[in-house]
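J.: okay, structure incoming, though there's no sequence with it:
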Ligand code: SF4
């Protein structure tokens, strides 16, 4: 069933079952990715953003992680219920992923052209020659130089930015509906980072692919995303469209992240940071997860977790300070439950 949302993650719980106990890496996440749009999922390490993307990709096998509850609807169909083989077929054809460090995802002993063509051959019944042609066309779209030459080169012969362009070509060559980009520019220097973000924006417009963009950097979100979900300790704490969230952030954690973005004109000033660290998952507060670091924490915050309150149309925040807004969910846990 076609909807405006190509992807809907509903009440997702992904837990890791370790010898030291259960770690609730993703603990009740709801987000939607609009067709043709880019949704940024932002948060510090340990927020659950990458585990959310691995859950969507069906890449938890081999880890101690498991989807304990929830739905991941792709075009209305729940992909959590698919078999491993069905999920494997989805990867590359309907959902693709690019990672932070392309060197770990590229085969070091396979020529670039063959690697991109291999992605095509896994999903389409065409000849090797036709697949190589598709690979060459896609590489050209990503703006890599000397494409015919590069097709015959190995990953170690390319720069970091070129390798990331190759990864983007591999991810998009089968025209997936969704591209998941997990910190794709973090390992690159700032100029190359800007080029790769421009390329992703341009290819999104050309192909209509929807993008789930995972990052710790709200500055990058401003460059590429239409909507944003801010995650903290396995929960979404604020959601809305990017312009609204930047103009009117309401959750203290979002405000902290925004305050830590370096700005022009701030030269010489000390960068602000959010005090403290993400809590150890074993000792997660049952109340507001951000309370130990929040400058506005009250007694109520330390006793009871807030649900979502609506700030304005399409903008919700999980914070007691927004209690005057309309309550959108009554999902709360009392300390000691
Ligand atoms: Fe801070 Fe309280 Fe809001 Fe949590 S609920 S973010 S502790 S003000």
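T.: Okay, I see it. Remember, predicted model here, so these are calculated numbers, not experimental data. Numbers count the residues shown, from 1 in each chain.
J.: which intervals of the chain have sub-threshold pLDDT?
T.: Along the chain, segments meeting pLDDT under 70 span 1-3, 263-269, 271, 325-337.
J.: right, is stretch 243-263 up against the ligand?
T.: Yes - Stretch 243-263 lies within reach of the ligand by Cβ under 6 Å from any ligand atom, at 251-252. To be clear about C-beta, it is placed using only N, CA and C from the backbone, and glycine gets the same treatment.
J.: list the buried ones in that stretch?
T.: 244-246, 249-258, 261 (16 or more other Cβ atoms under 10 Å).
J.: show residues contacting that stretch.
T.: 42, 217-219, 222, 228, 230, 232, 237-238, 271-274, 290, 293-296, 311-312, 314-315, 317-319, 321-322 (Cβ atoms under 8 Å, 6 or more residues apart in numbering).
J.: buried subset of those, written for PyMOL?
T.: Buried members of those, defined by 16+ other Cβ under 10 Å, are picked up in PyMOL with:
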select buried, resi 42+217+218+222+228+230+232+237+238+274+290+293+294+311+315+317+318+319+321+322
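J.: and the longest helix anywhere in the chain, what does it pack onto?
T.: In the chain, with assignment by DSSP state H, the single longest helix is helix 190-207. When contacts are defined as 3 or more Cβ pairs under 8 Å, 6 or more residues apart in numbering; DSSP states H and E, helix 190-207 sits against helix 160-172, strand 178-182, strand 210-215, helix 218-224.
J.: same thing but 10 Å
T.: strand 38-42, helix 128-141, helix 160-172, strand 178-182, strand 210-215, helix 218-224 (3 or more Cβ pairs under 10 Å, 6 or more residues apart in numbering; DSSP states H and E).
J.: all strands for the chain, in order.
T.: Secondary structure of the chain (DSSP state E): strands at 5-18, 21-34, 38-42, 65-74, 77-78, 95-98, 178-182, 210-215, 227-232, 235-241, 309-312, 315-317, 326-327.
J.: nearest to residue 130, out of those strands?
T.: Nearest to residue 130 among these is strand 95-98; the distance by Cβ to Cβ comes to 19.8 Å.
J.: hang on, the earlier thing: the ligand: which of the buried residues of stretch 243-263 is nearest?
T.: Nearest to the ligand among those is residue 252, at 4.5 Å by Cβ to the nearest ligand atom.
J.: any idea how far residue 244 is from that closest one?
T.: As judged by Cβ to Cβ, to the nearest Å, residue 252 and residue 244 stand 17 Å apart.
J.: do the same with residue 314
T.: Residue 314 is 7 Å from residue 244, by Cβ to Cβ.
J.: what is in contact with the two at once?
T.: Contact with both residue 314 and residue 244 is made by residues residue 227, according to Cβ atoms under 10 Å, 6 or more residues apart in numbering.
J.: near the ligand, which residues of this structure show up?
T.: 251-252, 288, 290-291, 294, 296-297, 301, 306, 319-321.
J.: reformat the residues you listed into CSV and put distance to residue 107 next to each item.
T.: As requested, the residues of the chain next to the ligand are exported to CSV (distance: Cβ to Cβ, whole Å):
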residue, distance to residue 107
251, 42
252, 45
288, 45
290, 42
291, 46
294, 46
296, 50
297, 49
301, 50
306, 47
319, 46
320, 51
321, 50
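J.: in helices only, show me the residues you listed.
T.: Among the residues of the chain next to the ligand, the ones falling in helices (DSSP H) are 252, 301.
J.: quick one, what contacts the spatially most central residue of the chain?
T.: For the chain, the residue sitting closest to the mean C-alpha position, by Cα atoms, centre = their mean, is residue 214 at 2.5 Å. Contacts for residue 214 (Cβ under 10 Å, 6+ apart) come out as 39-43, 47, 49-54, 97, 99-100, 180-184, 186, 231.
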